[in-house]
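1. Predicted model, plus sequence, below.
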Amino acid sequence: MERDFYKETKKAKENFPVYFAFPPGEFIQSIFEVKLAALRVNYSLNFIEREIFEPMEEACFKGIEGEFNRFFPSLIQGGAGTSLNMAANEAIAFYVKEKYGKVVSLYDKVNLHQSTNDVIPSAVKITCMKLSRKLENSVLMLLNSLEKRERDFDGLVKPGLTQMQFAVPITLGREFSAYSSAISRDRWRVSKIIERLKELNIGGTAIGTGFKAPKKYIFSVINELRKITGLPVARAENLIDATQNLDVYVEVSGILTALSVNLFKIAGDLRFLSCSHINQIILKEVQAGSSIMPGKVNPVLPEFVQSCAIKVQSNHVAIQTACSNGNLELNPFLPLIAHSLFESFKLLTVSCEKLKYCIDTLQPNIEEFEKIKYNDFVVLYALSTIIGYEKAKNVFENAKEKEISVYKFAIENGIVSKKELDEALTPENLLKLGF
């Protein structure tokens, strides 16, 4: 089968030799699902003869199972995806010829009532819907871990930090509650991706007018595609709009970018809290930290998550630039948009998984928390609620001058009793909402 086949696909591989950007298996599967839907409807309308229908259907199933994945060209290409559509067409035609000795026309049979411009956009959206389900599950698992750690760390008081300086008290649990709320919003946004993408332009053919496709096919193919994929796909109300305007991808990429921002922030906080000078949490060691410094442990998983987040954010720039550069009836940059979106989905899915592992395995440094429980800034905040800002400031300056802690100075000089100050320093009083 590989000796003399795939003339157009061979040209595409020569023209677009970007060997690191091959289409993911989910996308190739989606292309063949679209092909299968078109084939079945065309057969039901008597446009495809029985003797070639069954071999062609078998070829589509082989494509769905991944048998032809290695034959596809790069996703970064010119031509709005024509090379991808032709690769699927040639795979089907040559499979039928190789196994059954039957010649089927690439254009009049395999690609019947289809165009690259409705096959590939439909396959892109179907793939994104599949990937969004995987991502949503990973986000939910991360959220569950954050909520558990929020409860675990509720009693660990520490000074908060604003602008990298000590501020009013907070608990480690409250910090994790903020992470939980952020990721909860992300989960809600990600859950809406399928709703944003479900309208397809399949049946619109070249520019959304349904050129060369019968009306019965146009209205039936979406129903068949829904059965095959199990996804809630629907025919776009305006097929011309759905063919030429790709703003929905910018919207979806925006949802992914928002998630990347929150993941970057959380991962950065974990790096900071685990650094040698802060040392409030201990991240699980996953690999050697240095090839020259024995025993060094680096926060490699948070750094990995931040690296993925940066790539997702750069992909968003590529997507919005590509989506804005369509011309009249078609945008030729859909393959680049698809490549960037697929990559962002996958990077975020694995990032959530790795960040979840960090959250599940990190431990608070209890020794450090015992020290910072009586940190001058924590005590000053509690003291200021009893004696006021100006007097608390004077206590701080006098304690600093005598080189003793605020806690010790306040008690020894009778400013407050030990019982009164200890009561003010309980997590319940430090963090109660209002007074």
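-> Perfect, I can see it now. Numbers count the residues shown, from 1 in each chain.
2. Roughly how far does the nearest residue to L39 once chain neighbours are set aside sit from E65?
-> Closest residue to L39 apart from its sequence neighbours, by CB to CB, 6 or more residues apart in numbering: M56 at 5.6 Å. Where you see a C-beta, it was placed from the backbone N, CA and C, and this is true even at glycine. M56 sits 15 Å away from E65, going by CB to CB, to the nearest Å.
3. can you give me the mean pLDDT across the helix or strand encompassing the residue nearest to L39?
-> Per DSSP states H and E, M56 falls inside helix 50-64. Regarding helix 50-64, the rounded mean pLDDT is 96.
4. can you check stretch 221-235 too?
-> For stretch 221-235, the mean pLDDT works out to 97.
5. returning to that earlier point: okay, M56 and E65: which has more neighbours?
-> M56 (26 against 12; other CB atoms under 10 Å).
6. which residues of the protein score low on pLDDT?
-> 1-5, 289-291, 434-435 (pLDDT under 70).
7. buried residues in the longest helix along it?
-> When the chain is parsed with DSSP state H, its longest helix is helix 116-152. Buried residues in helix 116-152, counting neighbours by 16 or more other CB atoms under 10 Å, are found at 116-132, 135-136, 138-140, 142-143, 145-147, 149-150.
8. After it, heading C-terminal, what element do we hit next?
-> With DSSP H and E, the next secondary element past helix 116-152 is strand 157-162.
9. Now the element after that following strand, going C-ward?
-> strand 165-171.
10. how near is N144 to I193?
-> 20 Å.
11. whoops, I mixed them up, K10
-> Using CB to CB, one obtains 36 Å as the distance from K10 to I193.
12. Between these two, tell me which one has more neighbours.
-> I193 (22 against 15).
13. Can you name the residues that contact the closest residue to that one other than its chain neighbours?
-> Closest residue in space to I193, ignoring its immediate chain neighbours: S132 at 4.1 Å, by CB to CB, 6+ apart. Residues in contact with S132 (CB atoms under 8 Å, 6 or more residues apart in numbering) are 190, 193-194, 197, 345.
14. switch to 7 Å and redo it
-> Shown in contact with S132 (CB atoms under 7 Å, 6 or more residues apart in numbering): 190, 193-194, 345.
15. one step back: these two touch, right, the residue nearest to L39 and K97?
-> No. The criterion here is CB atoms under 7 Å, and M56 misses it with K97 at 11.0 Å.
16. residues contacting L283?
-> Contacts for L283 (CB under 7 Å, 6+ apart) come out as 270, 274, 299, 358, 362.
17. Now the phi/psi pair for it, please.
-> For L283, the backbone dihedrals (degrees, to the nearest 10) come out as phi -80, psi 140.
18. contacting residues for the closest residue to it other than its chain neighbours?
-> Leaving out its chain neighbours, the residue that sits closest to L283 by CB to CB, 6+ apart is S274, at 4.9 Å. By CB under 7 Å, 6+ apart, the contact list for S274 reads 281-283, 299.
19. how much space between S274 and K419?
-> Distance from S274 to K419, by CB to CB: 36 Å.
20. and if you look at K109?
-> 89 Å.
21. These two: which is more packed in?
-> Taking other CB under 10 Å, K109 and K419 do not tie; K109 has more neighbours (21 against 9).
22. where does that one land in three-state SS?
-> Secondary structure, DSSP: H, G, I helix; E, B strand; the rest coil: K109 is helix.
23. So G414: helix, strand or coil?
-> Three-state assignment for G414 (three-state DSSP): coil.
24. How many residues are close by it?
-> The burial count for G414: 7, using other CB under 10 Å.
25. what number of residues lie near N413?
-> N413: 12 neighbours (other CB under 10 Å).
26. in the host helix or strand of R271, what's buried?
-> Counting by DSSP H and E, the element that carries R271 is helix 247-274. Neighbour-count burial for helix 247-274, counted by 16+ other CB under 10 Å, picks out 248-250, 252-253, 255-260, 262-264, 266-274.
27. So what are the sheet partners of the next helix or strand after that helix and their directions?
-> Once helix 247-274 ends, the next helix or strand along the chain (criterion: DSSP H and E) is strand 281-282. Strand 281-282 pairs in its sheet with strand 363-364 (antiparallel), by DSSP bridges.
28. Name the residues that touch the strand it pairs with?
-> Strand 363-364 has contacts (CB under 7 Å, 6+ apart) with 153, 156, 172, 280-282.
29. Make JSON lines out of those and add distance to A88 and neighbour count.
-> As requested, the contacts of strand 363-364 are arranged in JSON lines below (distance: CB to CB, whole Å; neighbours: other CB atoms under 10 Å):
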{"residue": "F153", "distance to A88": "52", "neighbour count": "20"}
{"residue": "L156", "distance to A88": "56", "neighbour count": "23"}
{"residue": "L172", "distance to A88": "53", "neighbour count": "21"}
{"residue": "Q280", "distance to A88": "54", "neighbour count": "18"}
{"residue": "I281", "distance to A88": "50", "neighbour count": "22"}
{"residue": "I282", "distance to A88": "51", "neighbour count": "16"}
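30. Need these in CSV (columns: distance to T82).
-> Below are these laid out as CSV (distance: CB to CB, whole Å):
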residue, distance to T82
F153, 55
L156, 59
L172, 55
Q280, 56
I281, 52
I282, 54
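31. Alright, I will stop here.
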